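J.: Take a look and give me a structure for this.
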Amino acid sequence: MRKPCRAALAPARIDAATREYLIALSFDLAMADPDDRDAMLVAGARLAQDYDGLAAFREALKRDLKMNRQAITRLLAPLDKVSA
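T.: Predicted coordinates for the structure are as follows:
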């Protein structure tokens with residue numbers, strides 16, 4: 001099985017429209033299964049980090065999913081633990 005090519009998600013290759021599409025796709029996948037919603041949102045945020053889209057991902061959580069800052073911080077805490 002081939003490993004995914006990270007170069008395809010290089011920040012220089014991702015424009016704003018593609019970034020928004022990838023974020024919306026991540027949200028759609030996360031909402032498909034309420035039991036796995038948070039885990040899927042964290043996975044989408046990890047992917048967003050790869051293309052420098054984490055700030056846009058956070059903004060979309062607030063705008064599209066109506067999450068407040070505290071909920072976003074709690075949801076994305078696993079990302080901060082990995083970065084530390």
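J.: going forward, measure contacts and count neighbours with C-alpha atoms only.
T.: Fine.
J.: low pLDDT regions in this structure?
T.: For the chain, the stretches with pLDDT under 70 are 1-8, 82-84.
J.: and the helix or strand encompassing E59, what other elements does it pack with?
T.: Element membership of E59, judged by DSSP states H and E, is helix 54-64. The contact analysis (3 or more Cα pairs under 8 Å, 6 or more residues apart in numbering; DSSP states H and E) places helix 54-64 against helix 16-31, helix 37-50, helix 69-75.
J.: Not counting residues beside it along the chain, what's closest to the residue nearest the centre of the chain?
T.: Centroid-nearest residue in the chain, with Cα atoms, centre = their mean: A45, separated by 2.5 Å. Excluding the flanking residues, the one nearest A45 by Cα to Cα, 6 or more residues apart in numbering is L54, at 6.1 Å.
J.: One more: D36?
T.: A30 (6.9 Å).
J.: got the contact list for that neighbour?
T.: Neighbouring residues of A30 by Cα atoms under 8 Å, 6 or more residues apart in numbering: D36, R37, D38, A39, M40, L41.
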